[in-house]
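Colleague: got a structure for you, letters missing:
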């Protein structure tokens, strides 16, 4: 699929410096607060027009995209826990592997920035989402590429290691865009599946198992497929 005009313009805005997320900016980050306030009302949520635009570009049904989002982000489809703080899941095991691949000693990193390696501490940081960001912050201080590519990001839970497949020039750009808006998260999802022809074909044909096997892996494909089919059935009735 051709590069989305909207996506290209948004990327240009980031490069020009018109967007400054509160969590990830190149190799530096702000410190995660002990708790993130309930500011979801201040986030520009996805609209039906956003879904319709991207669904038209991809040649898929709106209900199909909403079904994927529900499985990845829940029925409320939240892509953020607060402004500038995208929903994310940080994998410690993946981070360990990524550090080794980049020639960084894990044991030394643990001594310097142990928060990245500790179990999630919801009590300390106030919520599951804030605790995940605390992990990311600590990991970023060790190595930004390893940190970003060890997370699943946004309302579609796209692995940071897929940054090239999302049309981004670097992991840092991927993180900046993910931190911008739910609309941009939707654009990144569109870029991701359009660059993987099989995924786009399966979503168009509503072949949930084949789609889930590529998107989530074969281990959970059957469960994901069943849940997506049920979610699609509900959303298709609302059209």
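Modeller: Looks like it came in fine. None of the values given here were measured: they were computed from a predicted structure. Numbers count the residues shown, from 1 in each chain.
Colleague: where does residue 53 fall, secondary structure wise?
Modeller: Assigned by DSSP states H and E, residue 53 belongs to helix 48-58.
Colleague: can you tell me the element the closest residue to residue 239 other than its chain neighbours falls in?
Modeller: Nearest residue to residue 239, sequence neighbours excluded (Cβ to Cβ, 6 or more residues apart in numbering): residue 63, at 6.2 Å. C-beta: built from backbone N, CA, C; applies to glycine. Assessed by DSSP H and E, residue 63 sits inside helix 62-73.
Colleague: circling back: so who does the residue nearest to residue 239 touch?
Modeller: Residue 63 sits next to 232, 235, 236, 238, 239 when contact means Cβ atoms under 8 Å, 6 or more residues apart in numbering.
Colleague: buried subset of those residues?
Modeller: 232, 235 (16 or more other Cβ atoms under 10 Å).
Colleague: need the contact partners of the lengthiest helix in the chain.
Modeller: Longest helix in the chain by number of residues (criterion: DSSP state H): helix 221-238. Helix 221-238 is contacted from outside by 61-64, 66-68, 70-71, 206, 208-209, 211-213, 215-216, using Cβ under 8 Å, 6+ apart.
Colleague: buried among these? Need that as a selection in PyMOL.
Modeller: The buried residues among the contacts of helix 221-238 can be selected in PyMOL (16+ other Cβ under 10 Å) with this line:
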select buried, resi 61+62+63+64+66+67+68+70+71+206+208+211+212+213+215+216
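Colleague: the strands in the protein, which residues?
Modeller: Along the chain, the segments classed as strands by DSSP state E run 24-25, 28-29, 80-82, 85-86, 88-90, 151-153, 158-159.
Colleague: which among these is found nearest to residue 198?
Modeller: Comparing those against residue 198 with Cβ to Cβ, the closest turns out to be strand 158-159 (16.3 Å).
Colleague: tell me the strands beside that closest one, with direction?
Modeller: In the sheet, strand 158-159 lines up against strand 151-153 (antiparallel) (DSSP bridges).
Colleague: can you check the distance spanned by stretch 207-225, start to finish?
Modeller: 8 Å (Cα to Cα, to the nearest Å).
Colleague: and that stretch, average pLDDT?
Modeller: In this model, stretch 207-225 has an average pLDDT of 94.
Colleague: all helices for this structure, in order.
Modeller: Going by DSSP H, the chain shows helices at 5-15, 48-58, 62-73, 92-101, 106-112, 122-125, 128-142, 144-148, 171-178, 182-194, 197-204, 208-215, 221-238.
Colleague: any stretches of the chain with poor pLDDT?
Modeller: Residues of the chain that meet the criterion pLDDT under 70 lie in 1-43.
Colleague: how close does the residue most central in space within the chain get to residue 194?
Modeller: With distances taken as Cα atoms, centre = their mean, residue 153 lies nearest the centre of the chain, 2.0 Å away. According to Cβ to Cβ, to the nearest Å, residue 153 stands 18 Å off from residue 194.
Colleague: same thing with residue 54?
Modeller: Counting by Cβ to Cβ - residue 54 and residue 194 are separated by 10 Å.
Colleague: if we can go back for a sec, kindly reformat the strands of the chain as TSV containing distance to residue 119.
Modeller: What follows is the strands of the chain, written out as TSV (distance: least, Cβ to Cβ, whole Å):
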stretch	distance to residue 119
strand 24-25	23
strand 28-29	21
strand 80-82	19
strand 85-86	20
strand 88-90	12
strand 151-153	17
strand 158-159	21
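Colleague: and the ones you listed, which is most packed in?
Modeller: strand 85-86 (a mean of 26; mean count of other Cβ atoms under 10 Å).
Colleague: if anything else comes up later, I'll come back, but that's it for now.
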